[in-house]
Each structure stands twice: as structure tokens, then as C-alpha cells.
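Q: Sequence first, then the predicted structure, then my questions.
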Amino acid sequence: DTAVSQTPKYLVTQMGNDKSIKCEQNLGHDTMYWYKQDSKKFLKIMFSYNNKELIINETVPNRFSPKSPDKAHLNLHINSLELGDSAVYFCASSQDPAFQETQYFGPGTRLLVL
Amino acid sequence: RKEVEQDPGPFNVPEGATVAFNCTYSNSASQSFFWYRQDCRKEPKLLMSVYSSGNEDGRFTAQLNRASQYISLLIRDSKLSDSATYLCVVKPYSSASKIIFGSGTRLSIRP
């Protein structure tokens, strides 16, 4: 009964490819997030959606495009992958934007771009 | 100056020891503070909130010093299972603002 799940867990791909990561939460939360954690362990927010609407959009290359088909799902599509995109991508959810601090994270997707 | 700063460590202490580490934040208007724990190759998980008057949760004590703009986490009687990276989290003054994670302090407890 995983609360926040992500697929795939590992993704190894060549530069220039396009890939997607999927995220689903079964907590009934309204808000979902995508984070990138680089090799130095900084956890940086990329996007946040509240009830399918984009509410946080950090300075992220427009090769990254989130999509929220419903409030339980937030997918991340990445075009033209670059070496610097290699990182761990975490999806998370919270009850609503006012409760960002109590977030439940997915297990992460380890992306390696060769 | 970074918005949230932590000593990366590693802090390497023997089992049973008491260990403490701090996290400094730059925005004096910051509203709320939290500690998350991240085990190696796992996702972050909320450990505890940090209240103005300080708070305890078992062997863990969190404190806030608004004047000096830092929060602290103290772990008493450390266990091997406490080995992890501890992430400081700061919530700015507006509920709509994004929370900010520190880069974490790595703690290693040795037998």
C-alpha cells in the first residue's frame, strides 16, 4: 500500500532522448511536487500542482514539462536529455499548499544520462 | 548567503553518544521549521517540527533560536539506526511560498 509511488525507479538513457517519469499518490492529497536531488544532495523543488493546477514553477529548463491528469497523478516529461539532468527525481504530495512542510515522498527515480 | 545552510558532516559518533547539529537560515521572517531524515538511497521523511519553545520526541530534541536564526537537533543515546542524513526545512512567511530544504547533515553512528 505505497502512499506515493513513482515509476520507473531507475532510468538509464542516452543524451538527446525523451523520457517520462510517472507519479501517483493514494493519500487523497490535493498538492503534488517534483523535486530534483543532485549529487551534492541539494533537494530543489521544480514544480508543484494543486488540484491539477500549476502553482509553483521554478527556474527549470522548458525541456521539463509536468502534467497532472488528475490530482492523484503528476507526471514529468523530459525532452532532449542532457548529462546535467542526471539526478534523483522525487515526487511528493501534501494535503494542500498550506501544509507543504508535511510532505510524503515517493521512493525516487534515479536518472542517469550517458 | 544560502537561504538554509547546514554543516554537511559527516558526524561520526559512537553508539550511545549525544550529538547535536545546527541549521542556519537567512530570512528572518521565516515562519516554520522542520527536520526531515533521509536514509541512504531513500526518500526524505518528516522527523519532527520545531516549535518556538523547543520540543522533544523521545531521544530527539529540536530547538529554535530566532535571534540568531538557527534551529538545532539534538539526539541523545544515539542508536545505529540513527545513521542518516538530517535535512533542515524552512517555511517562509507566506503559506503559498515554497519550503526550502537544506542540503543535509550526514550522521554516522558507529558500534
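A: Ah, there it is. Residues are numbered from 1 along each chain as shown, chains lettered A, B, ... in the order given.
Q: do you know how far residue A:63 is from residue B:90?
A: For residue A:63, the distance to residue B:90 equals 29 Å [Cβ to Cβ, to the nearest Å]. Backbone N, C-alpha and C define where each C-beta goes, glycine included.
Q: ugh, typo on my part, it should be residue B:62
A: Distance from residue B:62 to residue B:90, by Cβ to Cβ: 13 Å.
Q: Could you tell me which residues touch both of the two?
A: residue B:33 (Cβ atoms under 8 Å, 6 or more residues apart in numbering or on different chains).
Q: More neighbours: which of residue A:63 and residue B:90?
A: Between residue A:63 and residue B:90, residue B:90 has the larger neighbour count (other Cβ atoms under 10 Å in any protein chain shown), namely 24 against 13.
Q: Does chain B have contacts with stretch A:82-98?
A: Yes. Stretch A:82-98 lies within reach of chain B by Cβ under 8 Å from any Cβ of the partner chain, at A:90, A:97, A:98.
Q: Buried residues in that stretch, which are they?
A: A:85, A:86, A:87, A:88, A:89, A:90, A:91, A:92, A:93, A:94, A:97 (16 or more other Cβ atoms under 10 Å in any protein chain shown).
Q: can you redo those residues as TSV with secondary structure?
A: Shown next, in TSV, are the buried residues of stretch A:82-98 (DSSP: H, G, I helix; E, B strand; the rest coil):
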residue	secondary structure
A:85	helix
A:86	coil
A:87	strand
A:88	strand
A:89	strand
A:90	strand
A:91	strand
A:92	strand
A:93	strand
A:94	strand
A:97	helix
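Q: mind listing what residue 86 touches?
A: Unless you meant another one, I'm taking chain A. Going by Cβ under 8 Å, 6+ apart, residue A:86 touches A:111, A:112, A:113.
Q: look at chain B instead
A: B:6, B:21, B:35, B:36, B:37, B:38, B:47, B:73, B:104, B:105, B:107.
Q: Show me the contacts of residue A:86 that map onto strands.
A: Here DSSP state E is the test, and these give A:111, A:112, A:113 as lying in strands.
Q: What residues does chain A have near chain B?
A: Checking chain A against chain B by Cβ under 8 Å from any Cβ, the hits are A:40-45, A:48, A:55-56, A:58, A:90, A:97-98, A:100-103, A:105-108.
Q: And the buried ones among the residues you listed, selectable in PyMOL?
A: PyMOL command restricting the residues of chain A next to chain B to the buried ones, with burial defined by 16+ other Cβ under 10 Å:
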select buried, chain A and resi 41+43+44+45+48+56+90+97+100+101+103+105+106+107+108
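Q: neighbours around residue B:72, how many?
A: Quick note: residue B:72 (other Cβ under 10 Å) scores 17 neighbours.
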